[in-house]
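> Would you be able to build a 3D model of this:
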Amino acid sequence: MKDRKRLFKYFLAYVFTIFSAVFAVIIYLKYFPVESKVITEKKTVNETKLSETAIEDAIDKAYDSVVTVESYKNNQNIGSGSGFVYKTDGNKGYILTNHHVIDSADKIEVILSDNETVEVKLLGSDEYTDIAVLSIDKSKVKKVATLGDNDNINLGSTVIAIGSPMGSDYSGSITRGIISGKDRMIETDSIIAKVIQTDAAINPGNSGGPLVNLAGEVIGITSMKLATEEIEGMGFAIPINDVKNYVTYLEKGEEIKRPSIGISVINTSDRYSLYMNNISVNTSETGVVIAKVESGCSAEKAGLKKGDIITKFDDNKVTSISTLRYYLYQYKTGDTIKVTYIRDGKENTLDMKLIEKD
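Here you go, the predicted structure:
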């Protein structure tokens, strides 16, 4: 009997202790709440509204700066794309777009966000970077976009593309996506470009339009879309910091000066062209073969000859004509670079001073 009483007392003490502990925790949490981050699959209503508001604000900051670009030749429409006003100065506004949007045009018009059509002037364009600058009467400018800094973008960040997919009928269209890749290197038409990759829907008419971050700043110019049956949702934009490096020249109508080494080259994989140029090399080597050396050029002065295989510029591997051009254009006229090349099966190096391309 005594053992039962003793066990009963222990049980009561145990229950009292548990109750007291729970009560103490409740009181503590009530007066001293603990901050914690809870990750859930569903966002709260307030979080969703905040996200939507940020997107709407970003669109509002850039939307009226965007125009539809229509290109004409002999009064025939030869293409359309998008563009945006990025600057005003004096009595002019300045519009950025793609070179391929206005290439070969003898007349260019833009359609503003209020559907007014205005003729504009081409100030300058560059095929290699695929950018062009147009001027418009300042009185016609609705809004000026803010240029951002693409060095600060993060993978997964929300971005917005504004433009005219499929022409003016769909002008002012907006698509949303994320940053899928930074500093992507893609090759097209023997040109390698460093681009921002996004899954925001970008179609041909979007070319030249802005890619905008949630601050409403332009971080890139949409330029091309990789569209195959195997790959979808891969849009690309020219980083705005790269554009800033050249836009001042184009505003003045100046040609962008790039270095030249004065050679014609063939990819080592192009056996037919090598045969037609009477060049015999080890095609297992990766690089570009010199087919012709111009008299008095940088290559001749440095000692390069027909049949040499260029494999490196400094520490950068040259694997094709595209990579040779890309790395060459990273230098300036007057720079001296170390060239690695193969001649008669042996690897050699030499220093070459770059001159301006004619």
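> contacts, neighbours, all on C-alpha from now
Fine.
> so Gly307 sits right up against Ala291, yeah?
Yes: at 6.3 Å, Gly307 counts as touching Ala291 under the criterion of Cα atoms under 8 Å.
> Pull up the overlap in contacts between the two.
Ile279 (Cα atoms under 8 Å, 6 or more residues apart in numbering).
> These two: who's more crowded?
Gly307 (23 against 20; other Cα atoms under 10 Å).
> Pull the contacting residues for the more buried one.
279-281, 289-291, 343.
> The residues you listed, buried ones only, as a ChimeraX selection?
Of the contacts of Gly307, the buried ones can be selected in ChimeraX as follows, counting by 16 or more other Cα atoms under 10 Å:
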select :279,281,289,290,291
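> Need the max-distance pair from the contacts of Gly307.
Ala291 and Arg343 (13.3 Å; Cα to Cα).
> Assign a three-state SS to the closest residue to Ile256 other than its chain neighbours, would you?
Distances taken as Cα to Cα, 6 or more residues apart in numbering put Tyr249 closest to Ile256, at 6.5 Å, once the chain neighbours are dropped. Following DSSP: H, G, I helix; E, B strand; the rest coil, Tyr249 is assigned to helix.
> Adding distance to Gln76, write the contacts of Gly307 out as TSV.
Compiled in TSV, those are given as follows (distance: Cα to Cα, whole Å):
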residue	distance to Gln76
Ile279	46
Ser280	49
Val281	49
Val289	43
Ile290	42
Ala291	41
Arg343	53
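> Check which helix or strand Ile238 maps to.
strand 235-239 (DSSP states H and E).
> Which ones among the contacts of Gly307 lie within strands?
Counting by DSSP state E, the contacts of Gly307 place 289-291, 343 in strands.
> Which helix or strand in this protein has the lowest average pLDDT?
Sorting the helices and strands of the chain by mean pLDDT, DSSP states H and E puts helix 2-31 at the bottom, at a mean of 61.
> So for Val212, what's the nearest residue that isn't a sequence neighbour?
Val218 (4.5 Å).
> Can you report how many residues lie near the one you found?
When neighbours are counted by other Cα under 10 Å, Val218 comes out with 27.
> Look up which residues are beta-bridged to it.
Note on Val218: beta-bridge partners Leu147, Val212, judged by DSSP bridges.
> Leaving out sequence neighbours, find the closest residue to Lys182.
Nearest residue to Lys182, sequence neighbours excluded (Cα to Cα, 6+ apart): Ile196, at 5.0 Å.
> now do Asp149
Asp149 sits nearest to Ile219 (Cα to Cα, 6+ apart), 5.9 Å away.
> now do Ser298
Counting by Cα to Cα, 6+ apart, Ser298 lies nearest to Ile261, which is 4.8 Å off, once chain neighbours are set aside.
> how close does that neighbour get to Val110?
39 Å (Cα to Cα, to the nearest Å).
> Tell me where the stretch 201-350 of the chain has strands.
All strands of the stretch 201-350 of the chain, identified by DSSP state E, counting those that start in this stretch, fall at 210-212, 217-225, 235-239, 259-260, 263-267, 288-293, 309-313, 316-317, 336-343, 346-353.
> which one of those is the most hemmed in?
strand 210-212 (a mean of 31; mean count of other Cα atoms under 10 Å).
> which sections of the stretch 101-250 of the chain are below the confidence cut-off?
Across the stretch 101-250 of the chain, residues meeting the criterion (pLDDT under 70) sit at 189-190, 224-232.
> can you map out the helices along it?
240-251 (DSSP state H, counting those that start in this stretch).
> hmm, back to that, got a list of contacts for the strand holding Ile238?
150, 194-202, 211, 219-226.
> Let's see that with 6 Å instead.
Outside of strand 235-239, the residues within contact range by Cα atoms under 6 Å, 6 or more residues apart in numbering are 195-199, 202, 220-225.
> would you turn the residues you listed into a markdown table with distance to His99?
A markdown table is the format used below for the contacts of strand 235-239 (distance: Cα to Cα, whole Å):
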| residue | distance to His99 |
| --- | --- |
| Val195 | 16 |
| Ile196 | 18 |
| Gln197 | 20 |
| Thr198 | 21 |
| Asp199 | 23 |
| Ile202 | 17 |
| Gly220 | 15 |
| Ile221 | 11 |
| Thr222 | 12 |
| Ser223 | 9 |
| Met224 | 12 |
| Lys225 | 15 |
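> Closest to Leu134 out of those residues?
Comparing the contacts of strand 235-239 against Leu134 with Cα to Cα places Ile221 closest, at 14.6 Å.
> Just to check, the closest one is in contact with Ser207?
No: under the criterion of Cα atoms under 6 Å, Ile221 is not in contact with Ser207, lying 7.5 Å apart.
> hmm, back to that, in JSON lines: the ones in strands among the contacts of Gly307, plus pLDDT and distance to Leu328.
Shown next, in JSON lines, are the ones in strands among the contacts of Gly307 (pLDDT from 0 to 100; distance: Cα to Cα, whole Å):
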{"residue": "Val289", "pLDDT": "95", "distance to Leu328": "16"}
{"residue": "Ile290", "pLDDT": "94", "distance to Leu328": "15"}
{"residue": "Ala291", "pLDDT": "94", "distance to Leu328": "18"}
{"residue": "Arg343", "pLDDT": "93", "distance to Leu328": "21"}
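> how's the chain carved up into domains?
The chain breaks down by automatic domain parsing into domains covering 1-36, 62-140, 148-244, 259-356.
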